[in-house]
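Undergrad: I'd like to go over a predicted model; first the sequence, then the structure.
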Amino acid sequence: MIKTIGVIGAGQMGSGIAHVAALSGYDVRLSDISEDALKRAVDSIGKNLDRQVTRGKATQADKDAAMKRIATVTDMSKLRGCDIVVEAATENEDVKRGIFKKLVPELGPETIIATNTSSISITRLAASTDRPGKFIGMHFMNPVPVMQLVELIRGIATDEETFKSVKDLAIKLGKTPATAEDFPAFIVNRVLLPMINEAVYTLYEGVGSVEAIDTAMRLGANHPMGPLELADFIGLDTCLAIMQVLHEGLSDSKYRPCPLLVKYVEAGWLGRKTKRGFYDYSGEKPVPTR
Ligand code: CAA
């Protein structure tokens, strides 16, 4: 039975996972190497819970109880005793491997390790741990408190008991699981990211402005956000990392990242989190940059 959930990485995904887990009654230990990131995470979880209270989706008592269930830790040894640890660090294979190397000696043999990777091979990541049978992909969508889906991805060695426990957990978190095979970027990002990359090509080739492209897809395809707005929301570094995994993993030139996306990332224009991407977020309202 899962009671205590460790979350590694206090960025937007890790905070969202901690938020949903605590609100669903689980004890959460949120871990990051940066005290500042942990402070920002707790602050944003508090604000997002307030938003749910204001809209009648949760009560003040639910919020208070959820906040009390979240402990923040900077030392991975404090994750000992967790029933599952969900890794939600940067989308970079070396970073994730480095984390698993430090994490594994701290955990008892029963602890499941799940990764929130949005594209990297689960089988390969699992092989870098001591427990490929108890290792699984559990991919949440952003913003985690709002989005219904969790993709579940078995590595070649993932055992059935692990799969069942994690599927059950996803349902208890109020999410709907969809199972994907362990191929680059799984289902959602295999379809979504080439669409976003194509939108960047559309901009790069001058087919439309940022505003025209986003308006076209919002009103013409009924997407809640335009693709460039969504790219800024996901983070342009993450978008590029996923395109690179698709390009390398499937060896097909149709997945080549748009040079304009590469340039934005090289400039450090990563979207909302750096206040500049396809939009400038420094003012009250986002302003298109092209
Ligand atoms: N925490 C809690 N609640 C939140 C929230 C958050 N971080 N962000 C938004 N909300 C809630 C709001 O309170 C509101 O709740 P009600 O419906 O109860 O009123 C609801 O979500 C809608 O929010 P807003 O009215 O503020 O804004 P909106 O209507 O413009 O919706 C959105 C915002 C839900 C983000 C919507 O624009 C949307 O669905 N965008 C697309 C998101 C998407 O595609 N995500 C997937 C990204 S891909 C991914 O995550 C995979 C990957 O690996 C890259």
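TA: Arrived safely.
Undergrad: taking the stretch 101-250 of the chain, what residue is nearest to the ligand?
TA: Ser118 (3.0 Å; C-beta to the nearest ligand atom). C-beta: built from backbone N, CA, C; applies to glycine.
Undergrad: show me what contacts the spatially closest residue to that residue that is not a sequence neighbour?
TA: Spatially, and ignoring its direct neighbours in sequence, Ser118 is nearest to Asn189 (5.2 Å; C-beta to C-beta, 6 or more residues apart in numbering). Contacts for Asn189 (C-beta atoms under 8 Å, 6 or more residues apart in numbering) come out as Ser118, Ser119, Ile242, Leu246.
Undergrad: just the ones of those in helices?
TA: Ile242, Leu246 (DSSP state H).
Undergrad: including pLDDT, could the contacts of Asn189 go into TSV?
TA: Putting those into TSV (pLDDT from 0 to 100) gives the following:
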residue	pLDDT
Ser118	93
Ser119	91
Ile242	95
Leu246	97
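Undergrad: in the stretch 151-290 of the chain, which spans are helices?
TA: Using DSSP state H, counting those that start in this stretch, the helices of the stretch 151-290 of the chain run over 160-172, 188-204, 210-220, 227-234, 236-250, 259-266.
Undergrad: where does this protein have low pLDDT?
TA: Residue ranges of the chain with pLDDT under 70: none are present.
Undergrad: buried among the contacts of Asn189? Need that as a selection in PyMOL.
TA: Buried subset of those, written as a PyMOL selection, criterion 16 or more other C-beta atoms under 10 Å:
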select buried, resi 118+119+242+246
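Undergrad: what's the farthest-apart pair in the contacts of Asn189?
TA: Ser118 and Leu246 (10.9 Å; C-beta to C-beta).
Undergrad: residues that sit against both of these two, list them.
TA: Ala185, Asn189.
Undergrad: shouldn't Thr90 be within a strand?
TA: No. In this structure, Thr90 is coil, not part of a strand, as judged by DSSP: H, G, I helix; E, B strand; the rest coil.
Undergrad: may I have the phi/psi pair for Val85?
TA: Dihedral angles of Val85 (phi, psi; degrees, to the nearest 10) stand at phi -120, psi 120.
Undergrad: ditto for Asp182
TA: The phi/psi pair for Asp182 (degrees, to the nearest 10) is phi -80, psi 70.
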